[in-house]
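Novice: Provide a 3D model corresponding to the input given below.
(one chain, ligands or ions: 3)
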Amino acid sequence: MNIVFFFLPQVSEKLPDLKQRGKLPHVQDVVKEASWPTNASNAWNRPRCGVPDYPAHKEVRHRGRHRQRRFVLYGGRLEKTDLTYRIVRFPWQIGEEKVRRVFREALKIWSDVTPLTFTEVQGEKADIRIDFTRYWHGDNLPFDGPGGILAHAFFPKTHRQGDIHFDYDESWTLGNHMGTDLLQVAAHEFGHVLGLQHSREPGAVMSAYYSFSYPLRLSEDDKRGIQYLYGARSETRLLLFQPDACQTGFDAVSVIRGELFFFRSGYVWRIRDGRLEAGYPALASRHWRGIPDDIDAAFEDESGNIWFFQGESYWVFDAEMQIKGPESIRSLGLSVSGIQAALRWGHDSNFNTYFFKSGGYWRFSPRDRRVESVYPRSMQDWSGIPEDVDATFRDVYGYAHFIRGRQYWKFDPVGRNSLEGYPRYIGVDFFGCRNA
Ligand SMILES: [Ca+2]
Ligand SMILES: [Zn+2]
Ligand SMILES: [Zn+2]
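Specialist: Ligands and ions are numbered 1, 2, ... in the order given. Below you'll find the model as predicted:
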């Protein structure tokens, strides 16, 4: 069956003369794209998405406490959250591996804030199909050559659900102004395939008009829209997997303002004077908004700021206020990503801090914000400590603790070796668990 066309003008504050309210067809079963008159004003030629804007009464209007939501839903969502995608044909300007990376990145902004997952498949059926086509290409929604319409996509619960088409005739490019940025357009079209309509918020990824803004990130409006459809990621995930301190290992541990904080999978345990504080474990995001669920390492610097690390990025907080991040850890002089542990080792006046990863460590000066060398030193300097540690911290007496799995080693700052009788179990010594 072919798709029925109708023409629906762009409703825009900037083009009040073009508003044509009134005789709009029933939007209930609209499956089509708009086609634009060629003799209209130049405004029509602004590069944009080929999916039409729907009239205002389809807009979901909720009054939040502070601001109105402006995202628009088409009326459905995909019925599963673990999705596959396939790239059928590629643009000629960009190498295939790079194109793959672009689509991964464009999907990630949606999966970062929802329970959605995306897996690329090749040569088999996929939930989302990405193609580069020209002019008439089989869906009654022809492209128009260079400029004008850049791409279009089909909403959930329509008969071409999951299809995304890019106009092959655009000069696709990445990260510069020499053409049309594939990442930006792809992120937008994925929003449609997942069920989002155009947003009226100018800076939104889901704005109908092409824009170029790096780094690519969802606006608050985009985020509310997609979470309205699929829910938020942390809630769905974390409520399922609250770890048991007697049974789990830890992502990171740090003393913060004299109290000991253990981190695991988005949760934090807070220990003061050897006792777990009431109300813990709690969501780490309650204290530090915006840090990832799976941090790699944390430490408190000499001015009491707390640093969090994850993958390529780090964040710095002054108490609960973020003052930096996400920043690339490369700016600290590291050439690896995913450090495993961070230790502030207080016996020298430079407040040196150590980063650990896979049998090596780096000395870092928080004052200079720089590791002394890009090359790691050998873990043999830490006598008796295993090569791969998950977390480390220094206690108030000056002992360093190194954690791996559910066990820890205690390191003597004077003798510079691991104390006898270790490793011991964290659960038993810090959380009062009966046995390990
Ligand atoms: Ca075009
Ligand atoms: Zn669009
Ligand atoms: Zn098409």
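
Novice: hey, where'd the helices end up in this protein?
Specialist: All helices of the chain, identified by DSSP state H, fall at 96-111, 182-193, 220-230, 233-240, 426-431.

Novice: thought Tyr354 was touching Trp362?
Specialist: Yes - counting by C-beta atoms under 8 Å, Tyr354 does reach Trp362; the two are 6.9 Å apart. (Glycine included, C-beta is placed from N, CA and C.)

Novice: more neighbours, those two?
Specialist: Trp362 (24 against 21; other C-beta atoms under 10 Å).

Novice: residues touching Leu343, list them.
Specialist: Taking C-beta atoms under 8 Å, 6 or more residues apart in numbering, we find Leu343 in contact with Phe299, Thr353, Tyr354, Phe356, Thr392, Phe393, Arg394, Ala400.

Novice: That one - nearest residue in space that isn't next to it in sequence?
Specialist: Nearest non-adjacent residue to Leu343, counting by C-beta to C-beta, 6 or more residues apart in numbering: Thr392, 4.3 Å away.

Novice: Could you double-check that that neighbour sits in contact with Ala342?
Specialist: Yes - at 7.1 Å, Thr392 counts as touching Ala342 under the criterion of C-beta under 8 Å.

Novice: overlap in contacts of those two?
Specialist: What both Thr392 and Ala342 touch, as defined by C-beta under 8 Å, 6+ apart, is the set Tyr354, Phe356.

Novice: Between these two, point out the one with more neighbours.
Specialist: Thr392 (31 against 27).

Novice: Now for the more buried one: which residues touch it?
Specialist: Val253, Ala341, Ala342, Leu343, Tyr354, Phe356, Ala400, His401, Phe402, Ile403.

Novice: roughly how far apart are Thr392 and Ala252?
Specialist: Distance from Thr392 to Ala252, counting by C-beta to C-beta, to the nearest Å: 9 Å.

Novice: which residues do those two both contact?
Specialist: Ala341, Ala342.

Novice: And the closest residue to Phe430 other than its chain neighbours, how close does it get to Leu283?
Specialist: Of all residues not flanking Phe430 in the chain, Ile271 sits nearest, at 6.3 Å (C-beta to C-beta, 6+ apart). Per C-beta to C-beta, Ile271 is found 17 Å from Leu283.

Novice: And Gly191, by the same measure?
Specialist: 27 Å.

Novice: do the same with Val253
Specialist: On the measure of C-beta to C-beta, Val253 and Leu283 end up 17 Å apart.

Novice: between those two, which one's more packed in?
Specialist: Shown here are Val253 and Leu283; by other C-beta under 10 Å, Val253 has more neighbours (29 against 16).

Novice: Tell me the predicted confidence for the more buried one.
Specialist: The score at Val253 is 96. That number is its pLDDT.

Novice: Run through the bridge partners of it.
Specialist: Counting by DSSP bridges, Val253 is bridged to Phe262.

Novice: Please tell me I have it right and it contacts Asp395.
Specialist: No - using C-beta under 8 Å, Val253 is not in contact with Asp395; the gap is 10.2 Å.

Novice: Identify the contacts common to the two.
Specialist: Common neighbours of Val253 and Asp395, counting by C-beta under 8 Å, 6+ apart, are Leu260, His401.

Novice: So for Gly384, what's the nearest residue that isn't a sequence neighbour?
Specialist: With sequence-adjacent residues excluded and distances taken as C-beta to C-beta, 6+ apart, Gly384 is closest to Ser418, at 2.8 Å.

Novice: I'd say that neighbour and Met379 touch.
Specialist: No - the criterion here is C-beta under 8 Å, and Ser418 misses it with Met379 at 11.7 Å.

Novice: hey, what's in contact with both of these two?
Specialist: Residues touching both Ser418 and Met379 (C-beta under 8 Å, 6+ apart) are Ile385.

Novice: residues contacting Tyr210?
Specialist: Going by C-beta under 8 Å, 6+ apart, Tyr210 touches Arg46, Pro47, Arg48, Cys49, Leu150, Thr180, Asp181, Gln184, Val185.

Novice: Tell me the spacing between Phe309 and Leu260.
Specialist: The gap separating Phe309 from Leu260 is 18 Å, by C-beta to C-beta.

Novice: my guess is Glu201 contacts Ser207, does it?
Specialist: Yes - with contact defined as C-beta under 8 Å, Glu201 and Ser207 form a contacting pair (6.7 Å).

Novice: where does the stretch 151-300 of the chain come near ligand 3, residue by residue?
Specialist: By C-beta under 5 Å from the ion, the residues of the stretch 151-300 of the chain that approach ligand 3 are His165.

Novice: Any stretches of the stretch 151-300 of the chain with poor pLDDT?
Specialist: Per-residue confidence for the stretch 151-300 of the chain (pLDDT under 70) gives these ranges: 234-241.

Novice: Also the stretch 1-150 of the chain?
Specialist: 1-45, 54-75.

Novice: Counting residues, which strand of the protein comes out longest?
Specialist: Criterion DSSP state E: the longest strand present in the chain is strand 321-328.

Novice: which parts of that strand are buried?
Specialist: The neighbour-count check on strand 321-328 (16 or more other C-beta atoms under 10 Å) flags Gly325, Pro326 as buried.

Novice: Just list what that strand packs against, helices and strands only.
Specialist: Packing partners of strand 321-328 (3 or more C-beta pairs under 8 Å, 6 or more residues apart in numbering; DSSP states H and E): strand 313-318.

Novice: Off-centre distance for the strand it packs on?
Specialist: 16 Å (C-alpha atoms, centre = their mean, to the nearest Å).

Novice: buried sites along it?
Specialist: Result for strand 313-318 [16+ other C-beta under 10 Å]: buried residues Ser313, Tyr314, Trp315, Val316, Phe317.

Novice: which parts of stretch 76-87 are buried?
Specialist: Using 16+ other C-beta under 10 Å as the test for burial, stretch 76-87 gives Arg77, Leu78, Leu83, Thr84, Tyr85, Arg86, Ile87.

Novice: Enumerate every residue touching the residue in the stretch 201-350 of the chain that ligand 3 sits nearest to.
Specialist: Here the stretch 201-350 of the chain gets closest to ligand 3 at one residue, Ala208, 16.7 Å apart by C-beta to the ion. Contacts for Ala208 were tallied using C-beta under 8 Å, 6+ apart; they are Gln10, Arg48, Cys49, Val51, Asp53, His198.

Novice: same thing but 10 Å
Specialist: Counting by C-beta atoms under 10 Å, 6 or more residues apart in numbering, Ala208 touches 10-12, 46, 48-53, 188, 197-200.

Novice: Spatially nearest residue to it, not counting backbone neighbours?
Specialist: His198 (4.3 Å).

Novice: swap in Phe154?
Specialist: For Phe154, the closest residue by C-beta to C-beta, 6+ apart turns out to be Arg160, at 4.1 Å.
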